[in-house]
Each structure stands twice: as structure tokens, then as C-alpha cells.
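Mind looking at a prediction? Sequence and model below.
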Amino acid sequence: MAPSYYATPHLTPANGGKYRSNMIAVTINGGISIEPLSWLVQQNQTAATQLHCYEIIWVKSGSGTMIADLADWDLSAHTVHILKPGQFRKLILDEYCDGFCIHVTREFMEQHEMHGMEQFLRANPVISVTGELLADTEEILLKLRREYMMHTTVRQPILKRFFELFLLYLAEQPVSESVTATVSAEQMLAEKFLQAVRAEFRTRKMVADYAAILWVTPGHLNRTVKHVTGFPASYHIQQQIILEAKRKARYSEMSMKEIAYDLGFEDASHFSKFFRNNSGVNFTDFRRQVLKDQHVCQEAMV
């Protein structure tokens, strides 16, 4: 059986697995899949989910709402929404919403050396598809879907070609910057660092930890990351921890102590100070505001 690229939540003995939203699992054979949006609804795949792959939602018609981490996005016709590994998302689609949902793993991108394309995915969360490219984009997705459903042993190179062509069409949109054909060594190192942070932040919290696994000195890693992203390496480690803490504050019923333990902090007071210093708000106040906002949204929907 192929591995699941949606994660089940990281459970601790203390929380007993209590989550407000059901966590779901989708299996991706070969590293890429494409399904109609109607399939997501039928299979209850619209619930709050933490992604372990890229999710690309192409809305052909209709509308809906997407909650991505701590932000709400309106889904409208002729738009593409790109979600990254590690994000929490929930979809609310109206009955007329039509389109496709593509899942693609980092392993698939790396296997086919699509480094520039992955950089494009990370840089463009929302893209509007207009003009003549609208029909061309739909045609490519239909071909991608047809090839995906063939289940042949030689389909991988074809799937890669159609997926790459789909991204190239998206990159032609005037609101997006074209993907460069080459990626510098500095960009490659920075991206490897960011990927490592997303995967290892619970156990590795020092720049030196990442320098060791990337076979560079801490000083070189810090200079490179700051040159490429504008922020030092330590900033990205801290913000990844804060992002995950905010996700759990919104989507789980875990206490602050349980969240601290889940994120690799042995002392809840140390976590509380870390959260306040790096987010500018007290954890308890943040969760209180999140719960208040959710209550207001629920009342508005009644």
C-alpha cells in the first residue's frame, strides 16, 4: 500500500487524541493524484486536515470558502489555490462548485528535478486564470486526469509532463512571475534548510542542528538564508514553531502544556515565554481570541 501524505495528528499521552476536526488520510500512488472537487465532498475530504503534500485547487465554476491555517480565502471561478505541506486547511464548497484538486508530494517534485516549479508553488498561493489560457488550462487538467485514471506502469513521465505544462500555463498569468529555469546554489541551500525546518522543528531548534545535517557551517547557513529570504535562519525556526502552535490552538483541544510538550518544550512556562516573545501576544489571549472568532463565525452561519 502506498504511504499516506496526509498526516494523522501528532498525539501525546496527555491529550488522548482529542481534536475538534477529524483528520483524514489520502493515499497518493506515484506521488501525484488529481480528483474532481465533487470527489472531495463525496469522500468527506473537505474536513480540517494537515497536509503533507502540495494541494492545488482549481475552481472552474461555483464558489466556496477555504480556511488555510489562520486565514479565510474566498474560492471563486477561474482561480487556483495552492497549499503547502504542513498547512491546515478546511474547505466549504457550494453544491455548484466544480473543478479539480491535485495532490503532489515533495518526493515527486524532487524525483523529477522540478526545483524551479516547487519554488513557484511556494511563492504563489492564489492565481487567477483568464483569457485564452483558461481553456488551455482546463484541457491540460482533463488530459492529466485521463492519464491518471489509466493506471499504466509507464504513466509517471506523462503525468510529470502534463503537470509541468499546467504549472507553466499558470506561470504565464500576468499576475505571476515566471519561474526561472535555474536555481542558484544559495537558493537550493535555503530551500533545503526550510524543508528541514518544516520536518524537524520539534526536535531541532538551533541553527547549528540544521547546519550539521546540511554539511555546512552555522555561519554560512545563516548568511545564505538571510541573503535569500531576508531573515536569519533562527527567525525561520522560531516562526515555524509559532505557526504550529497557532494551528494547534485553533484546531485542537490540547492545553498549553500539551502543545508545549508536542512541540518539544519540556517546560510550559518556557514555551509560554517563547510564544509571547516571538508572536507579540500571550498564548492564552491568542487562544481566547481564536475561540471568540470561531463562535462569531458559527453564529453568523446559523
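Perfect, thanks for sending it.

could you point out which element follows the helix or strand hosting residue 224?
With secondary structure defined by DSSP states H and E, residue 224 is part of helix 218-229. Remark: after helix 218-229, the chain's next helix or strand is helix 233-251, criterion DSSP H and E.

count of neighbours near residue 136?
By the measure other C-beta atoms under 10 Å, the count of residues near residue 136 is 15. All C-beta atoms are positioned from the backbone trio N, CA, C, and that covers glycine.

Could you pull up the mean pLDDT of the helix holding residue 224?
Per-region confidence: helix 218-229 scores 89 on mean pLDDT.

start the count at 40, not 1, going forward
In the new numbering, first residue 40, that becomes helix 257-268.

Can you list the strands that the one helix or strand residue 121 maps to pairs with?
Per DSSP H and E: residue 121 is located in strand 118-122. Here strand 118-122 is paired, per DSSP bridges, with strand 93-100 (antiparallel), strand 165-167 (antiparallel).

CA-only coordinates of it, as CSV, when you get a sec.
Extracted in CSV, the C-alpha atoms of strand 118-122 (Å, rounded to 0.1, in the frame of the first residue of the first chain):
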residue,chain,number,x,y,z
THR,A,118,-8.9,30.7,-9.6
VAL,A,119,-6.2,28.3,-8.5
HIS,A,120,-5.3,28.0,-4.8
ILE,A,121,-2.0,26.4,-3.8
LEU,A,122,-1.5,25.0,-0.3
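
ok, and what's touching it?
Strand 118-122 has contacts (C-beta atoms under 8 Å, 6 or more residues apart in numbering) with 90, 93-98, 105, 107, 112, 114, 128, 160, 163-168, 209.

tell me the contacts of the most centrally placed residue in the chain?
For the chain, residue 123 is the residue whose C-alpha lies nearest the centre (C-alpha atoms, centre = their mean; 2.1 Å). By C-beta under 8 Å, 6+ apart, residue 123 lies in contact with 90, 93, 160, 161.
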